[in-house]
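Novice: Next input, structure requested:
(one chain, ligands or ions: 1)
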Amino acid sequence: MPAQLEQDVVTLTLGTSTVHIALKGATVFSYSYDGQERLLTSSKSNVHTSDPAAVRGGVPICWPIFGPAPSDSPPFSKLKQHGFARTSVWEYVGAQDQGEGIKATFKLEPTEQIQALFTLPFVLTYSVHLLPYSLSLSLSVANPSSAIAPLPFQALLHSYFRLPDSVHPRDVLVTPLENLAFADKAGPKDGLTKEAERRKVVDVDGPGGEVDRVYFRAPDRLELATGAAGTVRVHKKGLPDVVLWNPGPEKGAKIGDMEDRGWERYVCLEPGLVEPFQFLDPGKSWEGGIEISFA
Ligand SMILES: O=P(O)(O)OC[C@H]1O[C@H](O)[C@H](O)[C@@H](O)[C@@H]1O
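Specialist: Residues are numbered from 1 along each chain as shown. Below is the predicted model:
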């Protein structure tokens, strides 16, 4: 069966490629391509809906905010870091054979639980399209409100790319980020000041091994080179910014739902709409996504 829903998990299969998506968060938590797992999901993470925590790894969806709540006032003040999309249970709409590939669609609309935290109306639709040589993920946001209020949001696909055993995060090189403005969330000013990236090739190593940077207006085609182990290609669409994150040993050890030394096994390259917020007018929709492939 090319598409199957079993125990809160949708599995798509195409040739030798497989993708697993948890209904919790519509989180893609495994993508196997060419006989190799390409995403990192912690073995301590529970992908089932019985556990309310977000999946640690894969591609959690950050919506309607990225990072901590941006203000003490509505509509975001009650939200936890990265919003509720990654912890909510999404509806599986179904899967379609698309000729070239297979596409599964998921939907999230306000529930009572969400409305207790966030009162604005919205419809999120997420498609996971497994293609012969890539995986395409696309998030669409609609504002169904009949009032004049726009729907403000940030959106980000928090991709954890698995590193082969022979590759350490500090060996990974990311391009092309040269000349981009970035906010250094790991720096002394905690991301409040923007700097310019001067390096042609950016490594994933910072003070204490930590890197946590938001690059603004990044090119749509990004590469994460892992030396002899190959290159991850990320083609973003409609998502202007990108976050590069690895917590390093000290902060990595504090992530309770990550396995021991798990931080050494991934680099997060997270295309998103971080700044400014999107303000979506009633009746309008917005779409952003990524296509992941390998070279
Ligand atoms: O632990 P989480 O809430 O999943 O966040 C994990 C990480 O997400 C992003 O990459 C942020 O830039 C980091 O600052 C944050 O630590």
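Novice: Kindly report the residues of the stretch 101-250 of the chain close to the ligand.
Specialist: 185, 212, 243, 245 (Cβ under 6 Å from any ligand atom). All C-beta atoms are positioned from the backbone trio N, CA, C, and that covers glycine.
Novice: What strand or helix carries the second one?
Specialist: Assigning secondary structure by DSSP states H and E places residue 212 in strand 211-215.
Novice: Can you tell me the strand partners of the following helix or strand past that strand and which way each runs?
Specialist: Counting by DSSP H and E, the next helix or strand C-terminal to strand 211-215 is strand 221-225. Strand 221-225 pairs in its sheet with strand 173-175 (antiparallel), strand 231-237 (antiparallel), by DSSP bridges.
Novice: Make JSON lines out of those and add mean neighbour count.
Specialist: JSON lines is the format used below for the strands paired with strand 221-225 (neighbours: other Cβ atoms under 10 Å):
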{"stretch": "strand 173-175", "mean neighbour count": "19"}
{"stretch": "strand 231-237", "mean neighbour count": "18"}
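Novice: Of these, which is nearest residue 64?
Specialist: Taking Cβ to Cβ, strand 231-237 is the member of those nearest to residue 64, at 18.8 Å.
Novice: Give me the mean pLDDT for that closest one.
Specialist: Taken as a whole, strand 231-237 has a mean pLDDT of 98.
Novice: Likewise for stretch 247-254?
Specialist: Across stretch 247-254, pLDDT averages out at 97.
Novice: Can you list the buried residues in it?
Specialist: Judged by neighbour count (16 or more other Cβ atoms under 10 Å), stretch 247-254 contains these buried residues: 247-248, 252.
Novice: follow-up on the earlier one: nearest to residue 162, out of the strands paired with strand 221-225?
Specialist: Among these, the nearest to residue 162 by Cβ to Cβ is strand 231-237 (9.3 Å).
Novice: Right, I'll call it a day here.
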